[in-house]
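Peer 1: coords please:
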Amino acid sequence: MNVKDVTIDLIIRLHDLQSHIHLNKLTFKYFCIEWFYVGQLHNTREYHTATVLNNGKVLVTDGLDMYDSVLNRSELYDPSTRKWTKTADMYFPRVFHTASLLSNGKVLIIGNDPDLGKACELYDPLTGNWTKTSSLHYSRPSHTATVLLNGKVLAVGEAVENRADVKNTCDLYDPSTGNWSLTDSTNETRSDHTTSLLLDGKVLVTGGSTGGFTSLKSSEVYNPLTGNWTLTGSMHDGRDAHTAVVLKNGSVNYGWPLWSWWYIQ
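Peer 2: Residues are numbered from 1 along each chain as shown. Here you go, the predicted model:
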């Protein structure tokens, strides 16, 4: 099978993916997922969030519209009908915020609101309504939010006034009380970093920026049992605004922009 044949045969459906090609003594598995149009969003959006709910629907929140205006509107996508429906508006317009699916099925929204970036709110899929919850201790326009195995949410990273004043504080949200508490601060100040929930329940934070033009190589691990951060092995290259994927074997793959590295526990 030559390259031309491969190009033709790539037009297949997902259930036909048990094909192989042999090219230059290398074996490749290949498949092509068929794309199709679904109903359009009611609002144009970028820098929004999308969260898969326990009922299978997808909640999309806020972001910028085509005129760069910050939205406070939310929509739901139903895979069974392939259509979008409007749901209740959020209390605050937000962009570069985070959305975390809690163990109780609600969605916690953090960051980048007009109230100094501290205000948080909860979406309840059963009622379709938003409610306010307690605010963060510090504004976090460029943070990460990780749902821990104990159900709490760890918010890491802070940036104030165009990242000129980046602090290393961390907040911990308890859904059972609806309150935030401060936990141990990271060893490095970070924004545009990644956090990954490891198989043992610990959280790995890597890279990010300190507020200038320097990308960090360092990494550290948060232990929910002790509430402490400890430094771990550094990456080979400094990275910010990168990606991190936890694999089934427990290692973490990092990519940005043209190469990748691995973290092994």
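
Peer 1: can you map out the strands along the stretch 51-200 of the chain?
Peer 2: Remark: strands assigned in the stretch 51-200 of the chain by DSSP state E, counting those that start in this stretch are 58-61, 74-78, 83-87, 98-101, 107-110, 120-124, 129-133, 144-147, 153-156, 170-174, 179-183, 194-197.

Peer 1: I'd like the ones you listed laid out as JSON lines, including mean pLDDT.
Peer 2: Output for the strands of the stretch 51-200 of the chain, formatted as JSON lines (pLDDT from 0 to 100):
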{"stretch": "strand 58-61", "mean pLDDT": "97"}
{"stretch": "strand 74-78", "mean pLDDT": "97"}
{"stretch": "strand 83-87", "mean pLDDT": "97"}
{"stretch": "strand 98-101", "mean pLDDT": "97"}
{"stretch": "strand 107-110", "mean pLDDT": "96"}
{"stretch": "strand 120-124", "mean pLDDT": "97"}
{"stretch": "strand 129-133", "mean pLDDT": "97"}
{"stretch": "strand 144-147", "mean pLDDT": "96"}
{"stretch": "strand 153-156", "mean pLDDT": "96"}
{"stretch": "strand 170-174", "mean pLDDT": "96"}
{"stretch": "strand 179-183", "mean pLDDT": "96"}
{"stretch": "strand 194-197", "mean pLDDT": "96"}
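
Peer 1: can you redo the ones you listed as TSV with mean neighbour count and distance to Tyr47?
Peer 2: Backbone N, C-alpha and C define where each C-beta goes, glycine included. Shown next, in TSV, are these (neighbours: other Cβ atoms under 10 Å; distance: least, Cβ to Cβ, whole Å):
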stretch	mean neighbour count	distance to Tyr47
strand 58-61	20	11
strand 74-78	19	15
strand 83-87	15	18
strand 98-101	20	11
strand 107-110	24	14
strand 120-124	21	18
strand 129-133	15	19
strand 144-147	21	15
strand 153-156	24	18
strand 170-174	21	22
strand 179-183	16	24
strand 194-197	20	17
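
Peer 1: ok, Lys83 to Asn179 distance?
Peer 2: When distance is defined by Cβ to Cβ, to the nearest Å, Lys83 is 37 Å away from Asn179.

Peer 1: Columns distance to Glu220 on top of the strands of the stretch 51-200 of the chain, output as CSV?
Peer 2: Below are the strands of the stretch 51-200 of the chain laid out as CSV (distance: least, Cβ to Cβ, whole Å):
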stretch, distance to Glu220
strand 58-61, 29
strand 74-78, 34
strand 83-87, 38
strand 98-101, 20
strand 107-110, 21
strand 120-124, 25
strand 129-133, 28
strand 144-147, 13
strand 153-156, 10
strand 170-174, 11
strand 179-183, 13
strand 194-197, 10
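
Peer 1: Nearest to Trp229, out of these?
Peer 2: strand 170-174 (7.9 Å; Cβ to Cβ).

Peer 1: The closest one pairs with which strands, parallel or anti?
Peer 2: Sheet partners assigned to strand 170-174 using DSSP bridges are listed as strand 153-156 (antiparallel), strand 179-183 (antiparallel).

Peer 1: List the beta-bridge partners for the spatially closest residue to Ser134 that is not a sequence neighbour.
Peer 2: Setting aside the residues directly before and after it, Ser134 is nearest to Asn179 in space (Cβ to Cβ, 6 or more residues apart in numbering), at 5.0 Å. Beta bridges link Asn179 to Asp174, judged by DSSP bridges.
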